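# my questions concern the predicted model and sequence given below.
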Amino acid sequence: MADLKDDSESKVVPNFKLSEKVSLVQHEESINEELVKEVLGSITDDNMGPYYHYLYYDLKLPALEWDQSLYDSLQETSSKHITEIKTEIEKLDKEDESEMEILKKWTELGKYYATIGDRENAESTLLKTIELAPSTGSKIDLYLLISRIGFFYNDLIFVKKYLDKSNVLIEKGGDWERRNRYKTYYGIYLMSIRNFEEASKLLNDSLSTFTSTELTTYEDVAKYALICGAIIFDRPDLKNKLIENPEILAINSTTEELLPIFNLIKSIYFTEYEKFFPRLLETNDSILIKNKFLFEHSNYYLREIRCRAYSQLLESYRSLSLKSMASSFGVSVEFLDEDLCKFITSKKLNCVIDRVEGIVETNRSDSKNAQYHTLIKSGDVLLTKLQKYGAAVRLSGAEKI
């Protein structure tokens, strides 16, 4: 029986461009009337009565006005289409058509509910469709589709629930194409919950196997891989996996979308600290605060990557004057002093500030001692295991004799 695969050429369901616009309206400091009009235009074009109701009454989207006649019109149009699909399903059932034809119609109904923003009916319809699905591959596709509804609403608990269900089936018998799609889905989910370390691995791997156009764009995956890798990868990996990554270089040659974060990573790798803060601000303004998955983590991200840059510079010195360090980064001594104190008190930087002399003194001995003790401890564990193994071998030999 053939699998029910997503058609990447068909309309993306749900409409993630719309959810991105809604996120921007929510988070921008001033109301963007033009953006609100675009949101309302998309709602009207796709007859999204339930989503219109959600934005106004539940999300309370700024500047969105309620038009009862518009809502009634949207509901009437979508209800007619839903009735048509349900009638076709009943007809197929009576005519005893093939399982795949009936499954396609149920999937069409679930997708339509997702398109108009009827979240509850979309979920329940697609779950019923999964019960009818004849193959593991079809079930995986449908679980991934349901998870996309969660991504649309940025409901990460919902996303995790259905990604876990799809992963169970993938482990039992998913093909490589679905495994690769799942990798992208899960990488974006991990990034959304601030697990940048695990997300960086999956997103970087996804660059060479990307097929999840129903969820995001290739450019966005590359952007997310850069964002996560910038604070996770060590310097050799910054070069090999990001700066010299052929997939990322290919995108950079055709679009400027990645340049802010790409240039920020280069300023860290090539120790161009005077360029660090301007590029960090550009990355924040053009990527972090404009992305619905990254907006909530923007302040955390700014702190982590500043800490990384400070730590990298300090690794080269036993002591460094605050004035010299501030000059390297192009910031004031007062700002640097205050910023370093935050990382020192939270034990993210292993150094102290001598305010009298105006210097920063690094202290690397603790980390070396920790490595030494770890090595001794690991050696003791290994010797214990070898002794137990030797005793077991001797005992086994004695029994044979």
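Done, it's in. Residues are numbered from 1 along each chain as shown.

# show the subsequent helix or strand relative to the strand or helix carrying Tyr224.
For Tyr224, the host element (DSSP states H and E) is helix 218-232. Heading C-terminal from helix 218-232, the first helix or strand you meet, by DSSP H and E, is helix 235-237.

# I'd like the average pLDDT over that following helix.
Helix 235-237 shows a mean pLDDT of 94.

# stretch 115-123 too?
pLDDT averaged over stretch 115-123 gives 98.

# distance between the ends of that stretch?
12 Å (CA to CA, to the nearest Å).

# residues in contact with it?
11, 13-15, 46-52, 54, 74, 78, 110-111, 113-114, 146, 149, 153 (CB atoms under 8 Å, 6 or more residues apart in numbering). For the C-beta atoms, the positions are set from N, CA and C on the backbone; glycine is no exception.

# one more time with 6 Å, if that's ok
13, 46-48, 50-51, 78, 110, 113-114, 149 (CB atoms under 6 Å, 6 or more residues apart in numbering).

# of all those, which two lie farthest apart?
Taking CB to CB, the two most distant members of these are Asn47 and Ile149; they sit 17.2 Å apart.

# how about stretch 305-312: buried residues?
Along stretch 305-312, these residues count as buried under the neighbour rule (16 or more other CB atoms under 10 Å): 305-307, 309-310.

# pull the CA atoms of that stretch into PDB?
Extracted in PDB, the C-alpha atoms of stretch 305-312 (Å, rounded to 0.1, in the frame of the first residue of the first chain):
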ATOM      1  CA  ILE A 305      27.500  34.900  23.300                       C
ATOM      2  CA  ARG A 306      29.000  37.900  25.100                       C
ATOM      3  CA  CYS A 307      30.300  35.600  27.800                       C
ATOM      4  CA  ARG A 308      31.800  33.400  25.000                       C
ATOM      5  CA  ALA A 309      33.600  36.400  23.500                       C
ATOM      6  CA  TYR A 310      34.900  37.600  26.800                       C
ATOM      7  CA  SER A 311      36.100  34.100  27.800                       C
ATOM      8  CA  GLN A 312      37.900  33.600  24.500                       C
END
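
# buried residues in the strand or helix carrying Leu163, which are they?
Assessed by DSSP H and E, Leu163 sits inside helix 156-173. For helix 156-173, the neighbour count (16+ other CB under 10 Å) marks 158-160, 162-163, 165-167, 169-170 as buried.

# for it, packing partners?
helix 136-153, helix 176-192 (3 or more CB pairs under 6 Å, 6 or more residues apart in numbering; DSSP states H and E).

# remind me which residues of the protein are low pLDDT?
By pLDDT under 70, the low-scoring segments of the chain are 1-10, 97, 364-381, 388-401.

# need the strands for it, in chain order.
319-321, 351-354, 359-362 (DSSP state E).

# redo these as TSV? Include mean neighbour count and distance to Phe233.
Shown next, in TSV, are those (neighbours: other CB atoms under 10 Å; distance: least, CB to CB, whole Å):
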stretch	mean neighbour count	distance to Phe233
strand 319-321	15	25
strand 351-354	16	23
strand 359-362	19	22
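
# any chance of those strands in CSV, plus distance to Leu336?
Shown next, in CSV, are the strands of the chain (distance: least, CB to CB, whole Å):
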stretch, distance to Leu336
strand 319-321, 11
strand 351-354, 10
strand 359-362, 9
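
# and those: which comes nearest Ile102?
Closest among the strands of the chain, using CB to CB: strand 351-354, at 67.0 Å.

# partner strands of the closest one and their direction?
strand 359-362 (antiparallel) (DSSP bridges).

# extract the CA atoms of the strand it pairs with and return them as PDB.
The C-alpha atoms that make up strand 359-362 are tabulated as PDB, following Å, rounded to 0.1, in the frame of the first residue of the first chain:
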ATOM      1  CA  ILE A 359      42.900  44.800  35.700                       C
ATOM      2  CA  VAL A 360      41.100  41.500  35.100                       C
ATOM      3  CA  GLU A 361      43.000  38.500  36.400                       C
ATOM      4  CA  THR A 362      42.200  35.100  35.000                       C
END
